[in-house]
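Chemist: mind looking at a prediction? Sequence and model below.
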Amino acid sequence: MATAVWEQPRRRNIFARPTATTGWYSWVTTVDHKKIGILYGVTAFVFFLLGGLEALALRTQLATPDADVLSADLYNQFFTMHGITMIFLVVMPMGVAFFNYFVPLMIGARDVAFPRLNALSYWIFLFGGIFIYSSFLLGGAPDGGWFGYAPLSTKLPTDGMDFYAVGLQFLGIASLAGAVNFIVTILNMRAPGMTLMRMPVFIWMALVVSFLLLFAMPVIAVALFELMFDRLFGTNFFQVAAGGDPVLWQHLFWLFGHPEVYILILPAMGIVSEVLPTFSRKPLFGYAAVVFAGAAIGFMGWGVWAHHMFAVGLGPVANAAFALSTMFIAVPTGVKIFNWIGTMWGGSLRFNTSMLFSVGFVAMFIIGGLSGVSHSIVPHDAQQTDTYYVVAHFHYVLFGGALFGIMSGLYYWWPKIFGHRLGEGLGKLNFWLWFIGFNLTFGPMHIVGLQGMPRRIYTYPDGMGWNLWNLMETVGAFVIAVSTLVFLVNVAVSRRKGRYEAGADPWDARTLEWSIPSPPPEYNFAEIPVITHRDDFWHKKYFVGPGKTAEPVFSGGAAEAEHEAEHHIHMPSPSYFPVIAAFGLLVAAYAVIFGLPAVAIGLLITTLGFFGWVFEPGAAE
Amino acid sequence: MELFRGLKARGRRFLLGVLAASFALFGSACETNVGPQDFLTPEGPVARRADGLWDVTFAIAVVIFVVVEAVLVFTLVKFRRRPGREAAQFHGNTKLEVILTLIPTLILAGLAVPTVKAIADLSKKSEGALDVTVTAKQFWWEYKYPDAGVVTANEMHVPTRTPIFLSLESTDVIHSFWIPDLTGTQDVIPGRTNNMQFIADEPGTYWGQCKEYCGLSHANMRLRVIAHEPAEFERWLQDQSQPAANATSGAAAEGQQIFLQTCVNCHAVQGTEAKGTIGPDLTHFASRETFAGATFANTTENLRKWVDHPAAIKPGAPMPDYGLSAQEIDAVVAYLQTLE
C-alpha cells in the first residue's frame, strides 16, 4: 500500500504506536473497521435497551387514564430522550455499525480509507451518547422533544436542552467524519472490476446515506448553534420580541430532519436487498431500479421537509407544493416494494430468522408507506398531525422498517462476524414476539390517533374511548421487551463452543464477504479479488444453466488459498490518538454548559490528540 | 359504550367499527368532563371536506394494502423451499417494472387534484364571517370578540351555520388550535397571526385540545367550542358584555377583597379595579363549565384545590400559590361563583 519510506524511530517514544491485538486496550486503540463496527453495534444496542426502558416507562404511564407513574416533568424528559436515543444513538449508529463492518468486506478492500478517522467517529459517538445521558444526573435530561421546537426549547429552565444542543452537535461530528470516510472508501477502494453498477445494493445505500449525512448534518449544525447561542449567550435567533423567528428553527430542523428519515431507513433497505436474494436463491429483481429508486429517494428527500409543517401556516401555495412532492416520493418507495416481492417471485424461499425479519420489513413497510401517503392530503393532515396516527406511521417506518431490517442484518451477518450462527429456534421466537408485540403496540395507535389522541401528552382523561387501545399498546411494548430478552438469551447461548459453528459461507450467499473465513482475518482478503460480475461470489459458485436455473461450478468456488503471504500485508497500526482527540471534545462539551473557560482545556486536549495523530509513525515499530 | 363514540356506525367505517365493536364490552359509560375528539365524524363543512378526502384515500389505501400484502403472502407460500423447487434465475422485467411504476404515479396524481383544490378552497375567508381572536398562552386560551368587545377563556361560543374566522396569536411558545369535529389544526406561533375558519352545523359542544407540545401541562391545555342558534348566541354575547356586579355581603364580599389584593395582578373582572391581563378575564367566570384550560369542571371542590395550590393539579401552571388560609380560599371561591 503506502510506499513512503519512514525514518524508523530507534527508541519507543511518546508517539510510538500501540501494538496490542487482544484485551481491552486493543479495543480502545483499534483502527480495524471490523472491531470498530462491533463497538458501534454493541454501543448502539446498549442505547437501544435504554431507549426501550424509557418507552416502557412512557407506556406504563399511558396504560391507564389519569395515571401517576411518571410526573409530567419526567414524562417529558423520557419521551424526548426516547426519540433522541432511538434516532441518534440506535438506528443511525446501527447503520454505521453495518457500514463499518461490511463496506470494506463487500467491496473487496482491507480497511476503510481513513482508519483513524473511523476510530475518532466511534469515540465521538460514544462520548456524545454518554454526554447526553449524563444530563439525567446533572439536573435533568432534555425535555423539549427530539424536534426541540423554539421558542419553547430556548425557555425550558433546566440544562436539559443545553445538553440537547451541544450533544447533538457532538454526535454530528461523528456522523460527518463517518460520511466522508465511507464516501471515499466506496468511491476509491473497490476491488478491481467492481464497477459502480456491480456494487451490492447495500453498498449503494451506504453511499447514498453518506451523501445525505454530508449535506444534512451541516443544516442541523446551524440550527443547533443558533439554539445554543440563544440559550447560553443571549442571542435572539428565535426570539420574536427581538425580531427573531421561531419558524426558522422548523425549516432548518426539518430540512435536516426529513433527509434524516432516509438516513435511518436506507441502510435497512440495503440489508433487505441482500437478505432476500440470498434466501430466495435468486438475484435481486430489477437491480438498476432498486439502486436508482434509492438514489431518487435520496434526492427527493430534500424536497419534502415542509410536510412536517402543514399546520404552521405557510400558505396554500407552499402547502400544495409540498403535498405533491410528498405524494410522489412514495413512487420510488413503491418501486422498491415491488422489486423485493419480484425478487422472491419464482425463488426457492428459505424462512430462517433473517429472512423472516426481512419479509416482516416488507410487510410492515407497506403499512407505513400507505399511512405516509395519507399525510400528504393536507386538509386531512391538519387533523392527523400531532396525533397518535402520526406516531403509528413513523413507528411502522422506523420500527417496522429500520429495526426489522437491522435485526435481519444481525441474524444474517452474525456468523460472518463471530464465526457462529444465532440459534434458529430462539431466533424464530424472537421474530414472532417482535412481530406480534410490534403490531400490538403500534397498530392501535392508528385508531386512537383517528379518535383524536394527541402526541406528547403525559396523561389523558377517562371517557375518551382511548383506554383499551392504550392498554393494548402497553401490553405490546412489554411483548417487544420480552422479544428483546429472547434475542439476548439467543446471543448468550449461541456462543457455546461448537454449537452453531459456521463456515465461511453458511447461507450459500452471493457477495464477497462470504468468500473469506468467518470471522474474517484482520487483513480481510489475503489477495484482493478481481470482480467480473455483480454478485461475484455467486458467479464463482454457480452459473445459469439452460433451464434458467443455477448449476454449480465444480472447480473451486468458496474460500480459496487464504494463508499465503500473511506477513506481507501492510495493515494500519492501532493508535490511541483518536480516543484522546474525542475525549478533549467531551471536556469541551461539558465546559460549554458548566464553565466556558474550560472549553480551552478541552480543545487543547483535542489539539494535542491531533498533534500526536499527525506525528505518530506510520506503523508500529 | 364509550368506545363507540369515536367510531359512530357509518357503513364506510366498517373496518374500524368491527374492531371497536369487539372491544365495546370493555367500554365504560361514566359521565365525565370530556367528549369525543375523533375526526371521523365531522360536524361542519370544513372538517367534512377533509374527511371526504380521507375517505377516498383510506379506501384506496385499503385496496392497495390488501392487494400488495396478498401478493406478498401468495409469493411466500407458493415459492417456499421444498424438494424439487429450483429458483428461476431472472434479473428483472422491464415492462412490468414500468407498469408498476406508472400505476402508483397515476393513483397519486388522481389524489393530488382534489387535494390541491381543497387546499385552495379552504384558505379563503367567507363573506359575513364572525371574527374571533384567539390568544394561546401556557396553558389556556383567550378568545376576543372584537366587534362586541367581549373577552372569555377556554370555551368559545359561536353561532351555528355561520363562518367563524379565527385570528390566532401566541404570547409565549408555539401552541396549536384544534377542534376535530369542526376543523383541523392550525399552529399558533409567537410573532405571527395565523388564520383558520370553521362552521358548526348544529348547536352543541365540540371538544379539542392544544396539539403542539408547549411544556409541562401541554396535556392539560384543552378547549371547547359551544355552538348556539344565532339568536341564542346574540343573547350570550349580550350577557357577556355586561360588567360584573359587586359582591355585597358574606363570604363573597370578603372574597372580593382578597381578590382585589392578590388575584388582581393577573386577572381582570370588568366593573372592578381588577384589570390584569396575564391570566384569564374572569368577569363571567361562573358561567363557564370548566376552567384552567378547560381541564377541570367548574365545581366548588375543584376551585378550592386550584386556588390553594394550582401547580399541584396542573403541573407548570404559571398561577402562583398565595398561601391563602382555608377560610380565605373559601371566600375567594364564593366570590368567583358570583361572577355569573
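Modeler: Arrived safely.

Chemist: so residue B:60 touches residue B:107, yeah?
Modeler: Yes - using CB atoms under 8 Å, residue B:60 is in contact with residue B:107, at 6.3 Å. Yep, even glycine has a C-beta here, placed from its N, CA and C like the rest.

Chemist: more neighbours: which of the two?
Modeler: Taking neighbours as other CB atoms under 10 Å in any protein chain shown, residue B:60 and residue B:107 compare with residue B:107 leading, 20 against 17.

Chemist: give the contact list for that one.
Modeler: B:60, B:64 (CB atoms under 8 Å, 6 or more residues apart in numbering or on different chains).

Chemist: where's it, which helix or strand?
Modeler: Residue B:107 belongs to helix B:94-122 when assigned by DSSP states H and E.

Chemist: can you name the residue of chain A nearest chain B?
Modeler: Taking CB to the nearest CB, chain B has its nearest neighbour within chain A at residue A:382, 2.5 Å off.

Chemist: so how far is residue A:440 from the nearest residue to that residue once chain neighbours are set aside?
Modeler: Leaving aside its chain neighbours, residue A:382 sits nearest to residue B:184 (2.5 Å; criterion: CB to CB, 6 or more residues apart in numbering or on different chains). According to CB to CB, to the nearest Å, residue B:184 and residue A:440 sit 29 Å apart.

Chemist: compare those two (neighbour count), which wins?
Modeler: Taking neighbours as other CB under 10 Å, residue B:184 and residue A:440 compare with residue B:184 leading, 29 against 18.

Chemist: okay, that one: pLDDT?
Modeler: At residue B:184, the model reports a pLDDT of 95.

Chemist: what's the answer for residue A:8, then?
Modeler: 51.

Chemist: residue B:2 too?
Modeler: 42.

Chemist: how about the residues of the stretch 201-340 of chain B near chain A?
Modeler: Taking CB under 8 Å from any CB of the partner chain as the measure of proximity, the stretch 201-340 of chain B contacts chain A at B:209-220, B:315-316.

Chemist: in the residues you listed, find the pair that's most separated.
Modeler: B:211 and B:315 (18.4 Å; CB to CB).

Chemist: those two: which is more packed in?
Modeler: Per other CB under 10 Å, whichever of residue B:211 and residue B:315 has more neighbours is residue B:211, with 29 against 21.

Chemist: SS state for that one?
Modeler: Per DSSP: H, G, I helix; E, B strand; the rest coil, the local secondary structure of residue B:211 is coil.

Chemist: contacting residues around it?
Modeler: Counting by CB under 8 Å, 6+ apart, residue B:211 has contacts A:311, A:385-387, A:454, B:176-178, B:185.

Chemist: got it, and residue A:145?
Modeler: Contacts of residue A:145 (CB under 8 Å, 6+ apart): A:79-80, A:83, A:153, A:456, B:213.

Chemist: secondary structure element for whichever residue of the stretch 151-300 of chain B sits closest to chain A, which one?
Modeler: Using CB to the nearest CB, the closest approach of the stretch 151-300 of chain B to chain A is made by residue B:184 at 2.5 Å. Using DSSP H and E, residue B:184 sits within strand B:183-188.

Chemist: please enumerate residues in contact with that strand?
Modeler: Strand B:183-188 has contacts (CB under 8 Å, 6+ apart) with A:311-313, A:379-383, A:385-386, B:39, B:44, B:46-47, B:50, B:134, B:136, B:166, B:168-170, B:174-178, B:194-198, B:211-212.

Chemist: just the ones in helices from the residues you listed, please.
Modeler: Judged by DSSP state H, helices contain the following of the contacts of strand B:183-188: A:379-383, B:46-47, B:50.

Chemist: show me the shaky parts of chain B.
Modeler: Applying pLDDT under 70 to chain B picks out residues B:1-33.

Chemist: hmm, 90 instead?
Modeler: B:1-36, B:84-86, B:91-92, B:124, B:245-250, B:340 (pLDDT under 90).

Chemist: quick one, strands of it?
Modeler: Remark: strands assigned in chain B by DSSP state E are B:130-137, B:140-145, B:150-153, B:155-159, B:164-170, B:175-179, B:183-188, B:194-198, B:204-209, B:222-228, B:290-291, B:296-297.

Chemist: how about these in CSV, adding distance to residue A:543?
Modeler: Formatted as CSV, these follow (distance: least, CB to CB, whole Å):
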stretch, distance to residue A:543
strand B:130-137, 69
strand B:140-145, 73
strand B:150-153, 79
strand B:155-159, 75
strand B:164-170, 69
strand B:175-179, 62
strand B:183-188, 59
strand B:194-198, 66
strand B:204-209, 65
strand B:222-228, 69
strand B:290-291, 77
strand B:296-297, 77
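
Chemist: does the lengthiest helix in chain A reach chain B?
Modeler: Taking DSSP H as the criterion, chain A has its longest helix at helix A:246-280. Yes - using CB under 8 Å from any CB, helix A:246-280 reaches chain B at A:246-247, A:280.

Chemist: buried subset of these, written for PyMOL?
Modeler: Restricted to buried positions by 16 or more other CB atoms under 10 Å in any protein chain shown, the PyMOL selection for the residues of helix A:246-280 next to chain B reads:
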select buried, chain A and resi 246+247+280
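
Chemist: contacting residues for the residue lying closest to residue A:155 once chain neighbours are set aside?
Modeler: The shortest distance from residue A:155 to any non-neighbouring residue, by CB to CB, 6+ apart, is to residue B:173 (6.7 Å). Neighbouring residues of residue B:173 by CB under 8 Å, 6+ apart: A:149, A:151-152, A:155, B:138, B:190, B:214-215.

Chemist: can you get me a residue count around residue 73?
Modeler: You didn't say which chain, so I picked chain A. Neighbour number of residue A:73 under other CB under 10 Å is 15.

Chemist: let me rephrase: I mean chain B.
Modeler: Count around residue B:73 with other CB under 10 Å applied: 12.
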